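Participant: this one's sequence-less:
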């Protein structure tokens, strides 16, 4: 499997907010890796597909570098949630991106602070 790394480095404004974008990618988002430089503790991330707004990773109050292998629930062709067993745990799969950019929105990051998100796309 071919794996590509996309890196987005953001610097917040005076309000602690920032928005950045990856390059155009096609594939499955295998992993999101936040590398803390000096974002304030309690930083919030909302990471989505730019074209569709589909959620890739959203988390609040992050204090340290973190790796997330985010997944989304799957469904049958009838639109019913796919479960491992009746009433059981949801079946999940990675988020697919097709010729789209990943949008990274940061809030509560502190005044002019920096952090980096690495995406592995496969």
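Facilitator: On my side now, so go ahead. Predicted model, so just to flag it, every value in this text is computed and none were measured.

Participant: which residues does residue 62 form a beta bridge with?
Facilitator: Beta-bridge partners for residue 62, by DSSP bridges, are residue 43.

Participant: didn't it look like it was pressed against residue 32?
Facilitator: No: at 11.2 Å, residue 62 does not count as touching residue 32 under the criterion of C-beta atoms under 8 Å. (Each C-beta comes from the backbone N, C-alpha and C, glycine too.)

Participant: Give me the secondary structure label for residue 19.
Facilitator: Following DSSP: H, G, I helix; E, B strand; the rest coil, the label given to residue 19 is strand.

Participant: cool, residue 39 as well?
Facilitator: Per three-state DSSP, the local secondary structure of residue 39 is coil.

Participant: for it, what are its contacts?
Facilitator: Contacts for residue 39 (C-beta atoms under 8 Å, 6 or more residues apart in numbering) come out as 12, 106, 109-110, 113-115.

Participant: ditto for residue 61
Facilitator: By C-beta under 8 Å, 6+ apart, residue 61 lies in contact with 42-44.

Participant: Pipe those residues into TSV and attach pLDDT and neighbour count per row.
Facilitator: Shown next, in TSV, are the contacts of residue 61 (pLDDT from 0 to 100; neighbours: other C-beta atoms under 10 Å):
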residue	pLDDT	neighbour count
42	98	14
43	98	23
44	98	17
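
Participant: Can you add distance to residue 99 and give these back as CSV?
Facilitator: Formatted as CSV, those follow (distance: C-beta to C-beta, whole Å):
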residue, distance to residue 99
42, 35
43, 29
44, 28
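
Participant: Between these, which sits nearest residue 28?
Facilitator: Nearest to residue 28 among those is residue 44, at 24.6 Å by C-beta to C-beta.

Participant: Hmm, residue 60 and the closest one touching each other?
Facilitator: Yes: proximity of residue 44 to residue 60 meets the contact threshold set by C-beta under 8 Å, at 4.5 Å.
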